[in-house]
Each structure stands twice: as C-alpha cells, then as structure tokens.
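Q: Dropping the sequence and predicted coords here.
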Amino acid sequence: MAFKPFADEGLGYGTGKGRYASDMARNRPSYVESDLSGDAGVAENIYQQQQARAAEKRWGTGPSPMQKLFAAINQDGVQHSNKFEVRVWPPGFAPGVEEIDLRCESVTMPGRTLNSITDSNIFGPTRELVDGVTYAEDVTCSFVADAKFGIRRFFESWQELAFDPNTWEVKYANGPDGKGGYLGHVEIFTLSQSGDRMYGVTLKEAFPKTLSANELNMTSINELQRISVGFSFRYWLTYPAGGVDLDNDAQF
C-alpha cells in the first residue's frame with residue numbers, strides 16, 4: 001500500500017472524510033498509510049490511531065495513569081476516618097488521662113490559613129502577598145461519658161486552673177512564677193489499619209475553652225451521653241515523618 005500525503009486525496013471541509021482529515025491536519029505527520037478512496041471509516045481509523053500515538057507520546061509506553069494510581073494505592077494505602085488517636089496532656093500530672101484518650105470518639109484535624117493583603121502598587125493585575133498566618137479556631141473533641149461523669153469532672157478541674165471559682169479572679173496562663181498555669185497540649189494522630197501512627201500534630205498552649213452542656217431526656221433510653229470539649233490553642237506543629245516518641249515531649 002502506497003504512502004500519500006493528505007493533500008493528494010483532495011479531502012476538504014463539507015464531507016465526512018474531510019471532517020476527519022481536517023482534524024488530523026492540525027497535528028499530523030507528513031505521510032500516513034492511507035487509502036482514502038473508501039468511506040469515512042478509513043479516515044476515522046487513521047484519526048483514532050493518531051490519537052493513540054498522541055496519548056503514547058504524552059504518557060509514555062509504560063503503565064497508564066489509572067494503573068499508576070492503583071499501584072500507588074496498593075503501595076501507600078488510603079486513610080480511613082475512623083483510624084485516629086487523641087492524647088490529652090493537661091498541665092502537670094493527672095492520673096486517668098489514658099482512659100480519657102481512649103474514650104474520644106471524634107475530633108477534627110486543625111487547619112491553617114495564610115493571611116494576605118492585596119499588592120496594588122504594580123501595573124496590571126493585582127496579586128496577594130502573605131502578611132501573616134492564622135491557625136484554626138477551636139478544635140472540638142467528643143468523648144463517650146463514663147457513668148460517674150469523671151471525664152466532665154476532669155475538664156471542669158482543668159478549667160478551674162484558669163480562674164478562682166470563689167473570687168472569679170483570673171489566673172496567669174503560665175502560673176505566677178512561670179510554673180503551673182492552665183496551658184497544656186493535645187496530640188492528634190492518624191493510624192494505619194494495623195494501628196501504627198502515620199501522621200500527627202500537637203496543639204500547643206491548649207486549654208479546654210468550652211465544655212458543652214449535656215442534655216438529659218427520659219425518652220432517650222439507649223442514647224449514650226457524650227462530653228464535648230472545645231480546645232483553644234495558639235498554634236500546632238506537625239510531628240516529624242517516620243514516627244515519634246510519644247512519651248518524649250522534649251522534641252518540641
């Protein structure tokens with residue numbers, strides 16, 4: 001079969017064959033294997049072959065993007081929303097904190113926003129320039145309540161480190177001599193299917209700002225009570241990749 005340039009076939013706009021030929025003309029090789037004297041299906045096949053060559057040129061001859069995605073998922077897995085761990089660190093030593101950690105049923109991983117201002121002192125379109133950073137608002141944790149409301153009592157006591165419930169006097173955040181105070185920190189980790197810690201952040205200078213009300217209802221027979229706590233904090237840090245010694249707080 002001979003090789004002929006498209007121009008020899010006299011294909012133009014207005015016919016079925018001409019439509020395919022005009023599409024190929026945008027990025028076709030100089031010569032293609034053709035016998036375009038047949039119907040438009042021949043030109044359609046050539047067009048599809050050229051599209052396949054263009055895809056091969058773009059993506060290479062290796063695995064397709066979908067195959068690469070599946071391979072990445074098989075290698076790195078996916079993160080499930082119910083695989084997490086929360087560790088609450090109040091100021092000083094507090095017995096029973098581990099039980100509180102285990103009873104946490106939901107939490108939000110905090111975000112971060114770069115503040116910006118508009119730079120209009122330039123010609124043409126304006127642009128945004130960073131002038132600060134803002135961390136997320138309060139992070140809320142929900143805990144399954146114990147029968148004696150010990151978790152609620154725990155956070156009530158933590159809040160009372162910030163004020164005197166008798167005189168209403170507000171106390172120093174870090175204590176009068178730089179010791180004590182009411183600031184602690186909270187750690188949030190995502191877990192793998194096997195329970196390994198994969199990613200984690202620590203909320204620095206945290207304290208339980210909000211202790212939500214608990215509604216009691218005679219008609220709610222099988223409904224569990226939950227303690228909702230909103231932690232205020234100054235900023236958060238990401239733990240180093242590759243794991244962290246959770247019992248060593250000196251890394252920050």
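A: That came through fine.
Q: How far away from the center of its chain is stretch 129-139?
A: Relative to the centre of its chain, stretch 129-139 is centred 16 Å away, using C-alpha atoms, centre = their mean, to the nearest Å.
Q: Show the subsequent helix or strand relative to whichever strand or helix holds residue 69.
A: Element membership for residue 69, per DSSP states H and E: helix 65-76. Sequence order places strand 84-89 as the next helix or strand after helix 65-76, per DSSP H and E.
Q: Which single strand of the chain contains the most residues?
A: strand 197-211 (DSSP state E).
Q: and that strand, average pLDDT?
A: Averaging pLDDT along strand 197-211 yields 94.
Q: same deal with stretch 50-62?
A: On average, stretch 50-62 scores 70.
Q: circling back: tell me what angle the longest strand of the chain forms with strand 84-89.
A: 50 degrees (axes from the mean of the first three to the mean of the last three C-alpha atoms, to 10 degrees).
Q: buried residues in strand 197-211?
A: Judged by neighbour count using 16 or more other C-beta atoms under 10 Å, the buried positions of strand 197-211 are 197, 200, 201, 202, 203, 204, 205, 206, 207, 208. Backbone N, C-alpha and C define where each C-beta goes, glycine included.
Q: Other residues contacting whatever helix or strand comes next after it?
A: Heading C-terminal from strand 197-211, the first helix or strand you meet, by DSSP H and E, is strand 226-232. Outside strand 226-232, the residues within contact range by C-beta atoms under 8 Å, 6 or more residues apart in numbering are 105, 138-145, 149, 151-152, 155, 186, 203, 206-212, 214.
Q: Now with 7 Å, please.
A: Contacts with strand 226-232, where a contact means C-beta atoms under 7 Å, 6 or more residues apart in numbering, come from 138-145, 151-152, 155, 186, 203, 206-212.
Q: again with stretch 173-193
A: 77, 79, 83-91, 107, 109, 158, 161-162, 171-172, 197-207, 231.
Q: Output the below-cut-off pLDDT ranges for the protein.
A: Counting by pLDDT under 70, the chain has low-confidence residues at 1-41, 55-56, 58-62, 93-96, 178, 241-252.
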